[in-house]
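Undergrad: coords please:
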Amino acid sequence: MLLVADVGNTETTLGLADGETIVAHWRVTTDAGRTPDELHLLLHGLLRAAGMGDAKLSGAAIGSVVPGLTATLAEAASRLTGSPAVIVDAKSPLGITLAVDEPMTVGADRIINTLAASRLHRRDCIVVDLGTATTYDCITKDGVFLGGVIQPGVRTSAETLFRRTSKLPATELVAPQKVIGTRTEECIRAGVVFGAADSVTGIVGRIKAAWPGSEVPLVIATGGLAGEIAPHCPVIERIDPDLTLHGLRLAYGLLAKR
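TA: Okay, here's the model as predicted:
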């Protein structure tokens with residue numbers, strides 16, 4: 001089995017891939033202050049808790065947008081697997097093209113999503129990744145990253161609201177039963193969840209209107225909040241919370257033997 005890790009700014013998604021299947025995944029808080037020893041214990045504990053403490057790991061693949069944590073996590077993963085971890089970034093020879101003005105600044109998650117969407121779906125795609133930021137990755141079936149959109153994430157926007165309004169309570173990001181709330185907490189949830197859903201719907205519409213070529217792109221939602229927001233977006237055609245983890249296992253297959 002393969003350990004895969006998608007390091008985001010606030011959360012890190014860890015997974016185990018057995019062949020083409022993600023058999024387990026976990027979300028942990030991203031903390032660049034952790035030592036390799038602490039991360040090794042964390043990884044080992046997660047595996048044991050899932051009943052996979054004795055699993056034979058063939059290697060690890062890491063995509064990270066937090067440079068201060070990348071090497072530390074790689075060291076911890078290497079102790080666990082017994083081999084150097086594969087780190088995926090803009091320099092990795094993945095057979096994709098970053099057709100943007102500054103390719104070296106493209107985040108690892110967007111690069112990995114490009115690989116996953118083009119290899120798994122074989123058609124033009126818009127990947128809406130609902131994480132700390134909400135990113136829209138425009139990808140052709142040939143594996144060309146055309147660019148996209150980055151907007152403040154749903155949770156980031158909500159936390160700003162909670163922080164700057166002393167009388168409004170922090171609430172869970174769960175859609176209410178009705179859009180017209182009769183309690184303050186319902187009103188906030190309606191505004192945050194439905195507001196985010198309508199924003200995604202509007203931006204995807206703009207991207208489709210500007211899409212090059214005649215193919216209509218498939219719209220895929222992924223990321224930590226995909227399950228909460230995507231069901232309220234009529235433009236989302238598929239929800240794949242493990243898309244980036246699949247991209248990491250594909251990248252490992254391309255890079256590990258080089």
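
Undergrad: ok, now how distant is residue 244 from residue 60?
TA: To residue 60, residue 244 is 15 Å away according to Cβ to Cβ, to the nearest Å. In this view, the C-beta of every residue, glycine as well, is placed from N, C-alpha and C.

Undergrad: for residue 126, what are its contacts?
TA: If you count contacts by Cβ atoms under 8 Å, 6 or more residues apart in numbering, residue 126 has them with 136-139, 148, 204, 207-208, 217-220.

Undergrad: Just the buried subset of those, please.
TA: By neighbour count, with 16 or more other Cβ atoms under 10 Å, those hold 136-139, 148, 204, 207, 217-220 as buried.

Undergrad: Quick check: phi and psi on the residue nearest the centre of the chain?
TA: A centroid search over the chain (Cα atoms, centre = their mean) returns residue 223, at 4.2 Å, as the residue closest to the centre. Here the main-chain torsion angles of residue 223 (degrees, to the nearest 10) amount to phi 100, psi 170.

Undergrad: Scan the helices and strands of this structure for the one with the lowest mean pLDDT.
TA: Sorting the helices and strands of the chain by mean pLDDT, DSSP states H and E puts helix 154-164 at the bottom, at a mean of 83.

Undergrad: Distance from the chain centre to it, please.
TA: Relative to its parent chain, helix 154-164 has a centroid offset of 20 Å by Cα atoms, centre = their mean, to the nearest Å.

Undergrad: Pull the distance from the helix or strand just after it to the chain's centre.
TA: The first helix or strand that comes after helix 154-164 along the chain, using DSSP states H and E, is helix 184-189. Centroid separation for helix 184-189 versus its chain: 27 Å, with Cα atoms, centre = their mean.

Undergrad: Only the buried residues of the next helix or strand after helix 184-189, if you could.
TA: For helix 184-189, the succeeding helix or strand toward the C-terminus, using DSSP H and E, is helix 195-209. Buried positions in helix 195-209, judged by neighbour count with 16+ other Cβ under 10 Å: 196-197, 199-200, 203-204, 207.
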